[in-house]
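A.B. asks: The following block contains a protein sequence and its predicted model.
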Amino acid sequence: MTGPSKKLSRRGFLQHSGAAGLAATSAGLLLPQAGFANSPRKGGHFVLGLKGGESTDTLDPALSLGSANSYALYAFGDYLVDITPDGGLTPALAESWEAAEGGKVWHFRIRKSVEFHNGKSLTAEDVLKTMQRHSNEDSQSGALGIMRGVESMKADGDLFTVTLTTPNADLPYLMTDYHLVIQPNGGMDSPADGVGSGPYRLTEEEPGVRYSFAKFANHWNGQVGHYDTHEIIAINDDTARVAALQSGQVHAIDKVPPRIANLVGRAPGVAVGITPGRGHYIFVMHTDTPPFDNKDLRLALKYAINRQELVDTVLNGYGSVGNDIPISDAYPLFDETLPQRAFSLEKAAEHYGLSGHDGSPIILQVSDAAFPGAIDAAQLFQQSAKAAGIPLEIKREPADGYWSEVWNKQPFCASFWGGRPVQDQMWSTGYLSSADWNDTRFNNPEFDALLLEARAELDQTRRRALYARMARIVWEEGGLINPMFNQFIDGYSEKLGGWTQHYSQMMNGFAAKLTWFA
Amino acid sequence: MIQAVRKMPLSALAGLVITLLFFLMALSAPLIAPYGLGEVVGKVWEPSSARFWLGTDNIGRDLLSRMIYGGRTTIFIASAATLISFTIGSVLGFTAVVMGGWCDVLLSRFVDLIMSIPGLIFALVILSVVPATILVLILVMAFLDATRVYRLSRSVAESIYAMDYVEAAKLRGEGTGWIVLREILPNALSPLVSELGLRFIFMVLYLSTLSFLGLGIQPPSTDWGAIVKENSDGLVYGITAALAPAIAIATLAISVNLVADWVLSLTTSLKGGRS
Amino acid sequence: MHPMLKLLIQRLALGLLLLFASTILIFVGTSILPGDVAQAILGQTATPEALENLRREMGLNEPAVARYFSWIGGILQGDLGTALTNGADITQSLGKRLGNTLFLAFWAAVVSVPLAILLGVISVRYRNRLPDKLISAVTLATISLPEFIIGYVVMFLLAVKLQWVPSVSLINDGMSLLAKLQAIALPVIVLVFVVLAHMMRMTRAAILNVMESAYIETAELKGLNGFRVIVSHALPNAAAPIVNVVMLNLAYLVVGVVVVEVVFVYPGMGQYLVDHVSKRDVPVVQAAGLIFAGVYILLNTAADLIAILSNPRLRHPK
């Protein structure tokens, strides 16, 4: 009755679209070169237990949401480009790629002799159709947002070409988005049939319950997909997921609750993997709505939150302190000179006094649907605000409908953002005055101008300086209270070989492709 | 009555004393709680110590204080909802039997109809149309529960109504009220009292489900069921914070039902049977 | 016509009428929930045109009355429609879930109902003595614990520590009955704990209520032993309230086990309904609501009929 609802395409998108760094395109193996003693063994039945599966799920990549669903895409599908463990790029269905006209035009050379599960061979036309399905006018794809800068696309022989409206050096990164599985004829015929070119072939589908796969013998890359069969089970309850791992029913799980992560790690036969993320657990204020249109009130609230306490309590230390901007030091071109805003009851009280607020309760709307522990975080915030004389009142909202009825609608609420491959994307999606997801109703002409200037700036030093100025504006003026960046915590069986740390959780979703039973 | 209390068995006495203690605790919560309701005073899940008798909860608040304040909401809301539900449910159930005919059919089918709507949809619809206050919470709980009480009361009363002594009363020309209060109620009391004890417990548990949905109790206020939920993550790793409220609920359940059992034995002897 | 047969037909007709009324209630209820499926599917970035297209495609722009009648029309032809979210055939996907739910409920009932009545009878026989008090305390303690706590405890004892049974209760068609029973062992245990106390206590109270009657005294004077008197003389006359409480708990086993389903990853109706409610997938919610309503009405009707049949005075009204 109370399970968190995950209806928003935003979150699924955010959780899976993060890519680290501007690392240059590099051809190389996905795996760090495996030693002889540690070479993959073939065979076995590999089971993943994931949080986030609903009986409303569909395997249509355009509409795919939640872990169970998107990990199924990773199992049966392939992408043009894959991400390496350290966040670089590696060829997948595209053998190679190159930019022309200063990053305005991109050519992808499509791999030959790739076979789909239905027996058809991959052509550039399939790639073109796939991308069209995710970007045309009546597309409902979750990837639509990142496809917006596309002016035209064409397929010519084994070449797939994208022309952008403005140059974008990061385009290959965008092609790794989990929605953009290459399907035969672009999935125009039957988008949800689960046919791709991936290492595992879909054998059984029960939405919200499980997906079963068998090894696809004709996969183009013999170095991935070591298991005979693979199964994904949706286990939404935290304790049940951990129990399934410990009892050996599943071999890996995602989203171990931070409070018990160290206890899980101590259990026999089980290990815990930690990935620093760019996701942030936040509170957002609408800067155009009273009383939050008052800068002093916003500052009062920013000073009244004890960030370290939240990291220690809500994340149990599995995270880092935020600084009221959406950018962490994991992003390229991060500005280290921005001072860390410290918890200060005096400053909070001072700004609260300056704001002239009438003392009526300030309502903060929360739900654990926003992020795990949101209600706890809000209560800690309430206590520290009370100490500064700020009357914060918590209103718990139903998890059901939180993202559609509360977030981006109510003036002060809890929220979660995943992260973006590059700063430009993060700022443009959430802080540009005209952005759909401008959940702080931030409207600062100077900031907008700087953002457009930075996008066109090719000199990295000057770009860094522009980002630094933007960060400072949001830090000072914005409606974002960012107390913490969270980490991803995976649990996996010690029977597995080849488990490595990737830039994102669950080996960036490739656990079934890259691990084996040792 | 006094005689009855004097003859009270030890178990019933214990049940009564514990129940009274719980109610007393609920009434005097602000006086006896060592710390404030939402005050963060320690680390997460500290074990019990001289400072924190029951340890601390999942964000470092004193568990004992949370329990005392939570007991207050739990006991108050569950009692109020149970009383309302029993009053409405049993009065309507008896009336339906005594009036019979269309009144019975309409009431019974209406109750069937309400019971047939899944609770989740019901709660969400209510949430979307009325403000989520404690009063609404109590009324929703009482209303949904009254349907169950109605069915039980009606079935009990139906058997009694067919008895000869009720027939005799009707022939004597007694009114509906008299029949309900003097003939049916005393004879229906024992199954109802037994049900009352359990319904109270269901209310305690139901409360945390509804407040979790966002109906009613707002943080930092809490109830016992919610404290169990908040702290349940650590349970299987030997962190026992979730057990204290669970034990409190169980203790209250057993005490209330010990009293109910005793009342049950009183009502059977009131009917003039052997004691 | 035999009066009992007439009664049966009457009640079944009433039940159908009631089911019809509940379809209206469910339809209205799901219609006034805030948020709609188009928004839920397309997300925040959806342009107004895209939303409009999708709504038109799904027929959401039709007047409510027209939508209601086309829905009812479909049901009468045995067609529950397709899910708006993933286009699944509702009859098929819901049928599978309903089968699972009934399978779990059946086995939980098979264990708990006789056990509850047996324990109730033992309690009456040894009234106010040790067995009575022990049964009472243990069942009360288990009923006071939230379901998920019992679930976690048995899961860690039996699945993680002892590894006797799986912690994840997935079942599929390819499994033998024995394998299925092993898979659902944990949820059955939890459900038995949850429903046992209620039925057992009502059995005890209802039997005690009739134990004072003169005919019981007669039976005892005849020299019948304790259990015999309780089972063959007191129990039948105490049936009405017991049947009602058993019915309430059976309905709970079918309709109310979301928490147990979530904890043990059991693919039943509860989770299915919750998922679709949160996506505002109205056709599925209505179909599931209809099934639940049907189950309740059927059980309520059955309880009423059994109560009447078990009581000779009601069977032959004066």
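C.D. replies: Great, that's in hand.
A.B. asks: where along the stretch 151-300 of chain C do the strands fall?
C.D. replies: With DSSP state E, counting those that start in this stretch as the definition, the stretch 151-300 of chain C shows no strands.
A.B. asks: Tell me the residues of it that contact chain A?
C.D. replies: Neighbours of chain A within the stretch 151-300 of chain C, by Cβ under 8 Å from any Cβ of the partner chain: C:152, C:155-156, C:159-160, C:163, C:166-168, C:170, C:258-259, C:262-265, C:267, C:270-272, C:274-279, C:281, C:284. For every residue, glycine as well, the C-beta is placed using N, CA and C.
A.B. asks: could you flag which of these are buried?
C.D. replies: Listed as buried from these are C:152, C:155-156, C:159-160, C:166-168, C:170, C:258-259, C:262-265, C:267, C:270-272, C:274-279, C:281, C:284; burial here means 16 or more other Cβ atoms under 10 Å in any protein chain shown.
A.B. asks: so where's chain A uncertain?
C.D. replies: Across chain A, residues meeting the criterion (pLDDT under 70) sit at A:1-38, A:138.
A.B. asks: roughly how far apart are the residue in the stretch 201-318 of chain C that chain A sits nearest to and C:Thr85?
C.D. replies: Residue of the stretch 201-318 of chain C nearest chain A, by Cβ to the nearest Cβ: C:Ser278 (3.7 Å). As for C:Ser278, its distance to C:Thr85 is 10 Å (criterion: Cβ to Cβ, to the nearest Å).
A.B. asks: ditto for A:Met426
C.D. replies: Distance of A:Met426 to C:Thr85, given as Cβ to Cβ: 29 Å.
A.B. asks: what does chain A put close to chain B?
C.D. replies: Near chain B, when you scan chain A using Cβ under 8 Å from any Cβ, you find A:1-2, A:238-239, A:243, A:257, A:259-260, A:263, A:309, A:312-314, A:316, A:367, A:375-376, A:378-380, A:382-383, A:394-400.
A.B. asks: Regarding A:Glu205, what is its secondary structure?
C.D. replies: Secondary structure assignment for A:Glu205 (DSSP: H, G, I helix; E, B strand; the rest coil): strand.
A.B. asks: Look up the closest residue to it, ignoring the ones flanking it.
C.D. replies: Ranked by Cβ to Cβ, 6 or more residues apart in numbering or on different chains and with sequence neighbours excluded, the top spatial neighbour of A:Glu205 is A:Tyr211, at 5.7 Å.
A.B. asks: Over to A:Gln249?
C.D. replies: Closest residue to A:Gln249 in three dimensions, ignoring its sequence neighbours and counting by Cβ to Cβ, 6+ apart: C:Val168, at 5.1 Å.
A.B. asks: And the helices in the stretch 151-300 of chain C?
C.D. replies: Secondary structure of the stretch 151-300 of chain C by DSSP state H, counting those that start in this stretch: the helices cover C:177-183, C:185-211, C:214-221, C:226-228, C:235-237, C:239-255, C:258-264, C:269-278, C:282-310.
A.B. asks: Looking at the ones you listed, which is nearest to A:Pro61?
C.D. replies: Of all these, helix C:269-278 sits nearest to A:Pro61, with 19.9 Å by Cβ to Cβ.
A.B. asks: Which secondary structure elements does that closest one sit against?
C.D. replies: Applying 3 or more Cβ pairs under 8 Å, 6 or more residues apart in numbering or on different chains; DSSP states H and E, one finds that helix C:269-278 makes contact with helix B:119-129, helix C:90-125, helix C:239-255, helix C:258-264, helix C:282-310.
A.B. asks: sorry, back to before: any chance of the helices of the stretch 151-300 of chain C in a markdown table, plus distance to A:His226 and mean pLDDT?
C.D. replies: Formatted as a markdown table, the entries for those read as follows, by distance: least, Cβ to Cβ, whole Å; pLDDT from 0 to 100:
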| stretch | distance to A:His226 | mean pLDDT |
| --- | --- | --- |
| helix C:177-183 | 28 | 92 |
| helix C:185-211 | 32 | 90 |
| helix C:214-221 | 73 | 75 |
| helix C:226-228 | 64 | 78 |
| helix C:235-237 | 63 | 81 |
| helix C:239-255 | 43 | 89 |
| helix C:258-264 | 30 | 89 |
| helix C:269-278 | 32 | 86 |
| helix C:282-310 | 38 | 86 |
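A.B. asks: right, and these - which one's nearest A:Met507?
C.D. replies: Proximity of the helices of the stretch 151-300 of chain C to A:Met507 was assessed by Cβ to Cβ; the nearest stretch is helix C:258-264, lying at 26.9 Å.
A.B. asks: Next, report how far the closest one is displaced from the centre of its chain.
C.D. replies: From the chain centre to the centre of helix C:258-264 is a distance of 14 Å (Cα atoms, centre = their mean, to the nearest Å).
A.B. asks: hey, C-alpha coordinates of that helix in PDB?
C.D. replies: C-alpha atoms of helix C:258-264 as PDB (Å, rounded to 0.1, in the frame of the first residue of the first chain):
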ATOM      1  CA  VAL C 258       0.100  -6.200  -0.100                       C
ATOM      2  CA  VAL C 259       2.700  -5.900   2.600                       C
ATOM      3  CA  VAL C 260       3.300  -9.700   2.600                       C
ATOM      4  CA  GLU C 261       3.500  -9.700  -1.200                       C
ATOM      5  CA  VAL C 262       6.100  -6.900  -1.100                       C
ATOM      6  CA  VAL C 263       8.200  -8.500   1.600                       C
ATOM      7  CA  PHE C 264       8.300 -11.900  -0.100                       C
END
